[in-house]
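Asks: Build me a model from this:
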Amino acid sequence: MTPKSTRSPFSRLRDLEVFGVDSRSAQLTFRNVEPGATLHVSGRELTLDHPAGAITVDGLEANTDHSVELRSGTDTTTTSFRTRPDPGPVRSRFATISDIHLGLDGFGIGKRIKSKTEPPHPLPCAIAALKEAQEWGAEMLLIKGDLTESGWVEEWELARKLFAAIDIPFRITGGNHDGFERAEVEPSEGMAIAGADYAPVQTVDLDGIRLILAETSLRRKGNGRISPVADELVAAASVDTPVFIGMHHNLQQFPFPWFWPPGISSTDSAPVLARLRDANPNIFMSSGHTHRNARLDFDEIVFTEVASTSDHPGVWAGYEVTDTVIRQTVRRIADPTVIEWSEKAAAAVGGIWPRWSQGRLHDRSVDLPLRPR
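Replies: Next comes the predicted model:
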């Protein structure tokens, strides 16, 4: 299978951004605003309490154009968005996070952007994401790898504090950072230390969808493979309901990586994707690993990359399942303390990092229209 299209991975960093849109709400992000700034959304006025933040506006009309105006001091910035069509009654909701990196105390080249919280930023960022996802209505959480920075026992023990903040069922798979050569234990052992179950392929059935977590990490390697779990994965996807497949590594467009970090070579993934497509016409796949938001379709399979909780822009992804669509909406973690850190992390790589990591609205708000079986 080959991707339908290739888009530039870079986006602009704006002072006013429409970050996520669904049928009845929109998340708007802002930065560099002065005290007393106001946000005007289709006739509503909202006062902004921080110089940067994320705010969700609810109760909007579906499939409708909406205007946005940011008034800060003498400056006025405008944008607009269109809410997505109403997909019908929601049958189930679930959420994903990835690339938490417990044990990390900095970010950027040489980790020179330092965390000033205790514990360092990865844990409070992830806990805030979990709280927001649960308040949104997620019934299940999938953690798509790189829970730890180095796979050390103390990091897995720290994960217990994260799991204590989860009030809904969850599943977790490993990432390359969980099993690098410096790791003290295998990822499966680490998850046991943290109090989590593990299997190479895990399945959970919600109303209207089967969720699958697939292990793509190789011990002591940065890149990934999907072929070792192909038979089990195809068997799990061979059901009458739509399927969501979460994994750590991204699918590369080519046999070789054209950016860092390396993901899964197309040579390894293409035969597996063809088998999955034959097994089920409704497959939505998503990874972490790259710390960016991106979309790349492989024939009828929708594939997204979702950015990290632990750096800029700092996100979680929510999914709604109806009889007509699987809908992804990526949201920034709106907690003010997390926003303060993620805006600081935007200075990484000479300020280029957010242009890589944030993605565009169509990378974050994604629909897979469901086809009849």
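Asks: switch to C-alpha atoms for all contacts and neighbour counts from now on
Replies: OK.
Asks: While we're on Pro257, how confident is the model there?
Replies: Confidence per residue is given as pLDDT, and for Pro257 that number is 85.
Asks: What count of nearby residues applies to it?
Replies: Applying the criterion other C-alpha atoms under 10 Å, we find 16 residues in the vicinity of Pro257.
Asks: Is it correct that it is in contact with Ser265?
Replies: Yes. Taking contact to mean C-alpha atoms under 8 Å, the distance of 7.3 Å between Pro257 and Ser265 places them in contact.
Asks: Ramachandran angles for Val234?
Replies: As for Val234, its main-chain torsions (degrees, to the nearest 10) stand at phi -60, psi -40.
Asks: can you pull the contacts of it?
Replies: Contacts for Val234 (C-alpha atoms under 8 Å, 6 or more residues apart in numbering) come out as Val272, Arg275, Leu276, Ala279.
Asks: and His177, what does it touch?
Replies: His177 is in contact with His101, Asp146, Leu147, Thr148, Glu149, Ser150, Gly151, Gly222, counting by C-alpha under 8 Å, 6+ apart.
Asks: Neighbour-wise, which one of the residues you listed leads?
Replies: Each of the contacts of His177 was scored by neighbours using other C-alpha under 10 Å; the highest score is Leu147's, at 31 neighbours.
Asks: any idea of the pLDDT on that one?
Replies: The per-residue pLDDT reported for Leu147 equals 97.
Asks: The one 3 residues further on too?
Replies: Confidence per residue is given as pLDDT, and for Ser150 that number is 94.
Asks: I figured it hits Val185, correct?
Replies: No. With contact taken as C-alpha under 8 Å, Ser150 and Val185 are classed as non-touching, separated by 9.9 Å.
Asks: so what's in contact with those two at the same time?
Replies: With the criterion set as C-alpha under 8 Å, 6+ apart, the overlap between the contacts of Ser150 and Val185 is Gly179.
Asks: so Glu155 sits in a helix?
Replies: Yes. The assignment for Glu155 by DSSP: H, G, I helix; E, B strand; the rest coil puts it in a helix.
Asks: which residues does it contact?
Replies: Leu102, Gly103, Thr148, Glu149.
Asks: Check Glu340 too.
Replies: Taking C-alpha under 8 Å, 6+ apart as the test, what Glu340 contacts is Ala52.
Asks: can you pull the pLDDT of it?
Replies: The per-residue pLDDT reported for Glu340 equals 96.
Asks: name the element it belongs to?
Replies: Mapping Glu340 onto the secondary structure by DSSP states H and E places it in helix 336-345.
Asks: With just CA atoms, put that helix into PDB.
Replies: Taking only C-alpha atoms (Å, rounded to 0.1, in the frame of the first residue of the first chain), the coordinates of helix 336-345 have been written out as PDB:
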ATOM      1  CA  PRO A 336      -2.500  26.600  32.700                       C
ATOM      2  CA  THR A 337       0.600  25.100  34.300                       C
ATOM      3  CA  VAL A 338       0.900  22.700  31.400                       C
ATOM      4  CA  ILE A 339       0.400  25.500  28.900                       C
ATOM      5  CA  GLU A 340       3.100  27.500  30.600                       C
ATOM      6  CA  TRP A 341       5.500  24.500  30.100                       C
ATOM      7  CA  SER A 342       4.500  23.600  26.600                       C
ATOM      8  CA  GLU A 343       4.900  27.300  25.500                       C
ATOM      9  CA  LYS A 344       8.400  27.200  27.000                       C
ATOM     10  CA  ALA A 345       9.100  24.000  25.100                       C
END
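Asks: That one: what's the following helix or strand?
Replies: Proceeding N to C from helix 336-345, the next assigned helix or strand is helix 353-357, under DSSP H and E.
Asks: And the contacts of that next one?
Replies: Where contact means C-alpha under 8 Å, 6+ apart, the residues beyond helix 353-357 that reach it are 9-13, 291-293, 307, 312-313, 346-347.
Asks: Please list only the buried members of the residues you listed.
Replies: In the contacts of helix 353-357, burial by neighbour count holds for Pro9, Phe10, Leu13, His291, Arg292, Asn293, Ala307, His312, Pro313, Ala346, Ala347, counting by 16 or more other C-alpha atoms under 10 Å.
Asks: Spatially nearest residue to the residue nearest the centre of the chain, not counting backbone neighbours?
Replies: Nearest residue to the geometric centre of the chain (C-alpha atoms, centre = their mean): Val306, 3.1 Å. Nearest residue to Val306 in three dimensions, chain neighbours excluded: Asn293, at 4.6 Å (C-alpha to C-alpha, 6 or more residues apart in numbering).
Asks: Just confirm that neighbour contacts Thr304, I think it does.
Replies: Yes. Look at Asn293 against Thr304 with C-alpha under 8 Å: they come within range, at 7.3 Å.
Asks: Which one of the buried ones among the contacts of helix 353-357 is nearest to Lys111?
Replies: Closest to Lys111 out of the buried ones among the contacts of helix 353-357 is Ala347 (11.7 Å), distances taken as C-alpha to C-alpha.
Asks: Which parts of the stretch 1-150 of the chain are helices?
Replies: Per DSSP state H, counting those that start in this stretch, the stretch 1-150 of the chain has helices spanning 122-136. These are given in chain order.
Asks: can you tell me how far the nearest residue to Val33 once chain neighbours are set aside sits from Thr79?
Replies: The shortest distance from Val33 to any residue other than its chain neighbours is 4.8 Å, reached at Pro51 (C-alpha to C-alpha, 6+ apart). Taking C-alpha to C-alpha, to the nearest Å as the measure, Pro51 and Thr79 are separated by 19 Å.
Asks: Would you report the backbone torsion angles of the nearest residue to Gly359 once chain neighbours are set aside?
Replies: Computed as C-alpha to C-alpha, 6+ apart, the closest residue to Gly359 that is not its neighbour in sequence is Asn293, at 4.9 Å. Summarising the backbone geometry of Asn293 under the convention degrees, to the nearest 10, its torsions are phi -100, psi 120.
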